[in-house]
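Novice: I would like the atomic coordinates for the input below:
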Amino acid sequence: MGTILYVATNEGVITINNTGGEWEVDSHGLKNWDVNEVAIQPDNPLRAYAATRGDGVLRTEDGGQTWSKPNRGKAGPGKVKCVTIDPHDNHTIYAGSEPIAIWVTHDRGMTWESLDGILDVQGISDIDYPVPAVEPHVRDVVVDPQNKSIIYATLQVGYMVKSIDAGKTWNLLDNAVDADAHQLVSRKDKPECLYLSTGGHSHRLGESPGRALYRSLDGGASWIPMAMEFDQEYSIPMVTDPRNEDIVYSAVAYGNPNEWRKRETGAGTSLIRSTDGGETWQGLSTTQEMSRFYAEAITLDPADPDNVFVATRKGHIFGSTDQGATWANLGVQVPEVSDLKAVSV
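Specialist: Next comes the predicted model:
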């Protein structure tokens, strides 16, 4: 058995494997596209979907060697920020877009339907994302692992929305939490428990009680700050150990990416882990590259979750075989990273 890493970059999707004993690039597709996320079908690691910023959702059936657009010539999402496979039905895929929209397909991308009810949420049209050339957008879509009708979506500087009717209608989740919502995790064992990473926008304005991380014990109705042991107020990655979802990994940094570029020390990243469901957090070892360029993405090997992989925004990829206690550079440099997923084959 080997491991494949799917790496979403601003120059396409790169797959890396260790089947020969050393890590090496196996494929590099979609080189002309900025890819924001990849989603891999759990029971078929060679089938994956790529969220492209301009050409919708593309699909591979051969582990990234070739890609196709199933709905070419038909309506569908364009600038896609995130892509999610429904855990209840791998024919159903959700895509979050820029500007704000959520699309769904029930035939693996052949046809798409826009879930326009999200536009009825009060305040959606007033969201102002203060980054040139980027509009307000959906950052993450999560389906409740026990109830397919419950769907969450995080909005860049727009809090979160939740649907309990499979996306027909939506409600805003904005109770004592940061507006700059990034990645969301719904636990499989108790899906009303949610973990959220944020960009700290509301914290810097003095409008939220936490810094970068939050959790909810009631399906998003209320939120509790996490990782207050750390001063950093920016975060993206959020993953749990599938064997024990009390184990949670994230990474926090000082300020936003524009500020990192102005400092010699860069992001000032702390790679962190909780072993008690987010009650307390401890710092893990980090490399100089992680600290400076930020641990943009974290993924666990599904065959052995003690194996943890981290990709920096700059394109360095590291692996740990001891839950992040020590790290080794995989020796593969890639373009600017936005997402990293590991699968076993």
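Novice: Can you name the residues that contact the closest residue to residue 215 other than its chain neighbours?
Specialist: Nearest residue to residue 215 in three dimensions, chain neighbours excluded: residue 278, at 4.5 Å (CB to CB, 6 or more residues apart in numbering). Placement of C-beta: from N, CA and C, glycine included. Neighbour list for residue 278: 195, 213, 215, 224, 226-227, 248 [criterion: CB atoms under 8 Å, 6 or more residues apart in numbering].
Novice: same check, this time on residue 293
Specialist: 260, 266-267, 269, 312-314, 316.
Novice: where does it fall, phi/psi-wise?
Specialist: phi -100, psi 0 (degrees, to the nearest 10).
Novice: Of the contacts of residue 293, which is the nearest to residue 65?
Specialist: residue 316 (24.5 Å; CB to CB).
Novice: How confident was the prediction at the closest residue to the closest one other than its chain neighbours?
Specialist: Of all residues not flanking residue 316 in the chain, residue 289 sits nearest, at 4.4 Å (CB to CB, 6+ apart). Per-residue pLDDT puts residue 289 at 97.
Novice: Residue 289 reaches residue 312, doesn't it?
Specialist: Yes: using CB atoms under 8 Å, residue 289 is in contact with residue 312, at 5.4 Å.
Novice: Pick out whichever of these two has more residues nearby.
Specialist: Neighbours were counted for residue 289 and for residue 312 using other CB atoms under 10 Å; residue 312 has more, 26 against 21.
Novice: helices and strands of the chain: which one bottoms out on pLDDT?
Specialist: Taking mean pLDDT, DSSP states H and E as the measure, the helix or strand of the chain with the lowest value is helix 257-260, at a mean of 93.
Novice: Next secondary structure after that helix?
Specialist: Next along the chain after helix 257-260, taking DSSP states H and E as the criterion, comes strand 270-274.
Novice: now for the longest strand along the chain, which elements pack on it?
Specialist: Longest strand of the chain, by residue count under DSSP state E: strand 244-253. With contacts taken as 3 or more CB pairs under 8 Å, 6 or more residues apart in numbering; DSSP states H and E, strand 244-253 sits against strand 234-241, strand 270-274, strand 295-300.
Novice: Might you report the residue contacts of the closest residue to residue 149 other than its chain neighbours?
Specialist: Once flanking residues are discounted, residue 149 sits nearest to residue 166: 4.7 Å by CB to CB, 6+ apart. Residues near residue 166 by CB under 8 Å, 6+ apart: 148-149, 151.
Novice: which element is residue 166 on?
Specialist: Going by DSSP H and E, residue 166 is not part of any helix or strand.
Novice: do the same with residue 104
Specialist: Per DSSP H and E: strand 101-105 holds residue 104.
Novice: who touches the following helix or strand past that strand?
Specialist: Sequence-wise, the next helix or strand downstream of strand 101-105 (DSSP H and E) is strand 113-114. With contact meaning CB under 8 Å, 6+ apart, strand 113-114 is reached by 101-105.
Novice: at 6 Å what do you get?
Specialist: With contact meaning CB atoms under 6 Å, 6 or more residues apart in numbering, strand 113-114 is reached by 101, 103-104.
Novice: Scan these and report the most crowded one.
Specialist: That'd be residue 103 among the contacts of strand 113-114, by other CB under 10 Å, with 26 neighbours.
Novice: For that residue, list the residues it contacts.
Specialist: So residue 103 contacts 77, 95, 112, 114 (CB under 6 Å, 6+ apart).
Novice: Mind doing that once more with 8 Å?
Specialist: Shown in contact with residue 103 (CB under 8 Å, 6+ apart): 76-77, 94-95, 97, 112-115.
Novice: measure the residue nearest to residue 149 to residue 298 for me?
Specialist: 30 Å (CB to CB, to the nearest Å).
Novice: quick revisit: can you redo the contacts of residue 103 as a markdown table with pLDDT, distance to residue 220 and neighbour count?
Specialist: Converted to a markdown table, those look like this (pLDDT from 0 to 100; distance: CB to CB, whole Å; neighbours: other CB atoms under 10 Å):
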| residue | pLDDT | distance to residue 220 | neighbour count |
| --- | --- | --- | --- |
| 76 | 97 | 28 | 23 |
| 77 | 97 | 24 | 27 |
| 94 | 98 | 17 | 24 |
| 95 | 98 | 21 | 28 |
| 97 | 97 | 21 | 23 |
| 112 | 98 | 26 | 20 |
| 113 | 98 | 24 | 13 |
| 114 | 98 | 23 | 17 |
| 115 | 98 | 18 | 20 |
